[in-house]
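>>> sharing a model prediction with you, sequence too.
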Amino acid sequence: MKRRILEALRRAQADRRPVALVTDLGTGFQTLVGADGRQQGDAGLEEEFLPGVLDAIRRDRRGIVEFYDGRFFINIFPPPSRLLIVGAVHLAQALAPAARLAGYDVTVIDPRRSFATPERFPDTRLVLEWPDEALDMLAPDARTAIVTLSHDPKFDDPALVRALAGPAFYIGALGSRKSHAARLERLRAQGLADDALTRIHGPVGLDTGAVTPGEIAVSILAEMTLALRGPKHRAG
């Protein structure tokens, strides 16, 4: 890989921008393509070929494709997925390491310093701010999942309002069906429309009958994976 392409790839990763490295298997020429269609490399791609590359970026789908008489390898470099956990509670202690194992960059948000401690959350980024302020600072993108676990409206509700204003691919909220219904009523009273509220997965996690914190963490990760990698990403 040429230095200028490598440097452009590193900049994209630092800026959390997904890119595709397209290699012509016949010539060895390489072209770096951004999600906005911008290209940099040895040769520009055919206009008819570019939509397929952009679709591969959107789906995070690598592979060899044939175009006219050529064969190309499309390698996708997405930014790491992030998980922002609101509430440094016992369940968060199970979810954070499980999510790291699944490849997520994990941040736990809680202004309560007695809860959000390195001893309770080793190797985890801690943000000791109110959740709405923390989300403003962290700027969730389309590779970000947000899960509220505090079960306290003064923490969870402002976080959900901020989360729904952005492109996070998954938004989940802990609570029973009854408490989730009450949560939705509170959010409606703040002016949120029903089509926005349907983005909230509540009660959070797949309905697996999970009981223990570890089991609930697995159910949450399973639902997050379905949202990120589900059928809509495999179609076509």
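Looks like it arrived, so ask away.

>>> ok, now which ones touch the nearest residue to residue 124 once chain neighbours are set aside?
Leaving aside its chain neighbours, residue 124 sits nearest to residue 96 (5.0 Å; criterion: CB to CB, 6 or more residues apart in numbering). In this view, the C-beta of every residue, glycine as well, is placed from N, C-alpha and C. Residues near residue 96 by CB atoms under 8 Å, 6 or more residues apart in numbering: 83, 85, 106, 108, 121, 124.

>>> export only the CA atoms of the host helix or strand of the fourth one, formatted as CSV.
Secondary structure here is read from DSSP states H and E; on that basis residue 108 sits in strand 105-109. The C-alpha coordinates for strand 105-109 follow below in CSV (Å, rounded to 0.1, in the frame of the first residue of the first chain):
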residue,chain,number,x,y,z
ASP,A,105,-15.3,0.8,22.2
VAL,A,106,-17.2,1.2,25.5
THR,A,107,-17.9,4.3,27.5
VAL,A,108,-19.8,4.4,30.7
ILE,A,109,-21.6,7.6,31.6
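
>>> coming back round to it: pretty sure the residue nearest to residue 124 sits in a helix.
Yes - assessed with DSSP: H, G, I helix; E, B strand; the rest coil, residue 96 lies in a helix.

>>> packing partners of the lengthiest strand in the chain?
Longest strand of the chain, by residue count under DSSP state E: strand 70-77. If you count contacts as 3 or more CB pairs under 8 Å, 6 or more residues apart in numbering; DSSP states H and E, strand 70-77 packs onto helix 3-14, strand 19-24, helix 50-59, strand 63-67.

>>> strand partners of the shortest one, parallel vs antiparallel please.
Put plainly, it is strand 63-67. In the sheet containing strand 63-67, its partner strands are strand 70-77 (antiparallel), by DSSP bridges.

>>> per-domain residue ranges of the chain.
3-77, 82-232 (automatic domain parsing).

>>> over the first one, what's the mean pLDDT, rounded is fine.
Domain 3-77 shows a mean pLDDT of 90.

>>> ok, now how distant is residue 40 from residue 127?
Remark: distance between residue 40 and residue 127 (CB to CB, to the nearest Å) = 35 Å.

>>> repeat for residue 118
13 Å.

>>> neighbour count winner among these two?
Ranked by neighbour count (other CB atoms under 10 Å), residue 118 and residue 127 place residue 127 first, with 21 against 9.

>>> residues in contact with the residue with the largest distance to the centre of the chain?
Distance from the centre of the chain peaks at residue 69, with 36.9 Å (CA atoms, centre = their mean). With CB under 8 Å, 6+ apart as the criterion, no residue contacts residue 69.

>>> next, it: phi, psi?
Residue 69 has phi and psi values of phi -100, psi 10 when expressed as degrees, to the nearest 10.

>>> ok, how many other residues are close to the residue lying closest to residue 130 once chain neighbours are set aside?
Leaving aside its sequence neighbours, residue 130 sits nearest to residue 111 (CB to CB, 6+ apart; 5.3 Å). Counted by other CB under 10 Å, the residues lying close to residue 111 total 15.

>>> and what of residue 220?
Using other CB under 10 Å, residue 220 has 28 other residues around it.

>>> and it, which helix or strand is it part of?
Secondary structure from DSSP H and E places residue 220 in helix 213-229.

>>> got the contact list for that helix?
Here helix 213-229 makes contact (CB under 8 Å, 6+ apart) with 60, 81, 83, 90-91, 93-95, 98-99, 102, 145, 147, 169-170, 172, 201, 204-208, 210.

>>> and these, which are buried?
60, 81, 83, 91, 93-95, 98-99, 145, 147, 169-170, 172, 201, 204-206, 210 (16 or more other CB atoms under 10 Å).
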